[in-house]
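# Need a 3D model of the sequence below.
(one chain, ligands or ions: 1)
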Amino acid sequence: MKREIMWGIVCGMAAVQGFAADEGIFTCQVGEFTVHLLVENQGQGNPSILLGASGEVLNRYIPGGTYRSEVNTLLIRSPDRILVIDTGFGGSIFEHLKTLGVDPSQVDAVLLTHMHGDHIGGLQKGGTALFPRASVYLAQQEKAYWTETAANHGAVAALAPYGSKVRTFLPRPIGAGEELFPGIRAMAAFGHTPGHTLYQVESKGQKLLIWGDLMHVQDVQFPLPAISVSYDTDPQAAGIIRKQVLDYAVQNKIPIAGMHLRYPAIGRVTAEGAGYRFSPLTTDAAEGVDG
Ligand SMILES: [Zn+2]
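Numbers count the residues shown, from 1 in each chain. Down below sits the predicted model:
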């Protein structure tokens, strides 16, 4: 198994010892936590979602007129819990869990970054909870917006089968706050949606920031983080918090994982010019490379 060490965390392509490398699964060890990034879906993205990107910007950063876009979810095994972060559309996630030997009934909690369809699609089918034993955690602001203010049918249906096992919390500012579970901190990054939440994993001094939908088009939004997308409920707020989170990751050398970054979708952020540069872990990295 090829491995790469990045800012203290060790990552590799093979799922776990004994399993063959799988294109749709990328695994990192964060202290005592094993984090699996699971690819739900890959496709071609439409740059027209970028708000205010000039023709010059598009020609420079997306010269082909389209980019590979992806939907990811994560599975986290801590010493005492199995957690899922977002559920994608409810497709490949279940195949990947099977590959990893995890039955959905073993999942203790599903943590949501927000309630868009590509994140809550795997919660239920036909009114039945697909994670039968799990509690569902999300920001209070997120639940209130989608189930009350917007009264979104899909959002209401996604949570319904979990009943009293839906738990809300108030995410704290970036870098602050108490833990939701041992080793898991929820941070507010409102803008993409009214309660969009990031989850930071921390164990034995090692960290990984799971940033949900902080970014959708990495080719443009790392160099030009002020550019938001049409999916952002509040594009201006999304731009401000994006820069704040990028600075936080750079200054604290915390690797990041994103739901719409390309496989392996985990890497490091550094400052570059007026923007940022993302260095994804390579799947064919030499052993023991440390950055
Ligand atoms: Zn999304």
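# Can you name the residues of the stretch 51-200 of the chain sitting close to the ion?
Taking C-beta under 5 Å from the ion as the contact definition, the stretch 51-200 of the chain meets the ion at His116, Asp118. (C-beta placed from N, C-alpha, C; glycine too.)
# which stretches of the stretch 51-200 of the chain form strands?
For the stretch 51-200 of the chain, applying DSSP state E, counting those that start in this stretch gives strands covering 67-77, 82-85, 109-111, 124-125, 128-129, 135-139, 166-169, 179-181, 184-188, 197-203.
# What average pLDDT does the second one get?
Taken as a whole, strand 82-85 has a mean pLDDT of 98.
# about what we covered before: switch the strands of the stretch 51-200 of the chain over to a markdown table; also include mean neighbour count.
Formatted as a markdown table, the strands of the stretch 51-200 of the chain follow (neighbours: other C-beta atoms under 10 Å):
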| stretch | mean neighbour count |
| --- | --- |
| strand 67-77 | 22 |
| strand 82-85 | 24 |
| strand 109-111 | 24 |
| strand 124-125 | 16 |
| strand 128-129 | 14 |
| strand 135-139 | 23 |
| strand 166-169 | 16 |
| strand 179-181 | 16 |
| strand 184-188 | 21 |
| strand 197-203 | 24 |
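# Partner strands of the biggest strand by length in the chain and their direction?
Among the elements of type strand in the chain, defined by DSSP state E, the one spanning the most residues is strand 33-45. Strand 33-45 has the following strand partners under DSSP bridges: strand 25-30 (antiparallel), strand 67-77 (antiparallel).
# Throw these into TSV and include mean pLDDT, thanks.
Shown next, in TSV, are these (pLDDT from 0 to 100):
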stretch	mean pLDDT
strand 25-30	89
strand 67-77	96
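# Give the full set of residues in contact with the residue in the stretch 151-291 of the chain that the ion sits nearest to.
Nearest residue of the stretch 151-291 of the chain to the ion, counting by C-beta to the ion: Asp213, 4.4 Å away. The neighbours of Asp213, taking C-beta atoms under 8 Å, 6 or more residues apart in numbering as the test, are Thr113, His114, His116, His119, His192, Thr193, His196, Tyr231, Gly258, Met259, His260.
# any idea which of these is closest to Gly273?
When the contacts of Asp213 are compared for distance to Gly273 (C-beta to C-beta), Gly258 comes out closest, at 20.9 Å.
# The closest one reaches Ala265, doesn't it?
Yes. A contact is recorded between Gly258 and Ala265 when judged using C-beta atoms under 8 Å, the distance being 5.7 Å.
# Can you check which residues contact both of the two?
Asn72.
# How far away from the center of its chain is the longest strand of the chain?
Going by C-alpha atoms, centre = their mean, to the nearest Å, the spacing between the C-alpha centre of strand 33-45 and its chain's C-alpha centre is 9 Å.
# biggest helix in the chain, by residue count?
helix 235-252 (DSSP state H).
# residues of the longest strand of the chain that come out buried?
Counting neighbours by 16 or more other C-beta atoms under 10 Å, one finds that the buried residues in strand 33-45 are Phe33, Thr34, Val35, His36, Leu37, Leu38, Val39, Glu40, Asn41, Gly45.
# same deal with stretch 242-253?
The neighbour-count criterion (16+ other C-beta under 10 Å) identifies Arg242, Gln244, Val245, Leu246, Tyr248, Ala249, Val250 as the buried residues of stretch 242-253.
# Next up, the contacts around Ser279.
Gly267, Arg268, Val269, Thr270, Gly291.
# Need the mean per-residue confidence for whichever strand or helix holds it.
Secondary structure assigned from DSSP states H and E places Ser279 in strand 275-280. For strand 275-280, mean pLDDT is 95.
# that older thread, so how far is Ala129 from the residue of the stretch 151-291 of the chain closest to the ion?
Using C-beta to C-beta, to the nearest Å, we find Asp213 at a distance of 24 Å from Ala129.
# In contact with Thr66, which residues are there?
By C-beta under 8 Å, 6+ apart, the residues touching Thr66 are Gln44, Gly45, Asn46, Pro47.
# contacting residues around the third one?
So that's Asn46. Under the criterion of C-beta under 8 Å, 6+ apart, the neighbours of Asn46 are Thr66.
# which of Gly258 and Ala265 has more neighbours?
Just comparing Gly258 and Ala265: by other C-beta atoms under 10 Å the higher neighbour count belongs to Gly258, 24 against 21.
# Do I have it right that Ile82 meets Val102?
Yes. Ile82 is within contact range of Val102, at 6.4 Å (criterion: C-beta under 8 Å).
# Which residues are in contact with each of these two?
With C-beta under 8 Å, 6+ apart applied, the overlap between the contact sets of Ile82 and Val102 consists of Leu75.
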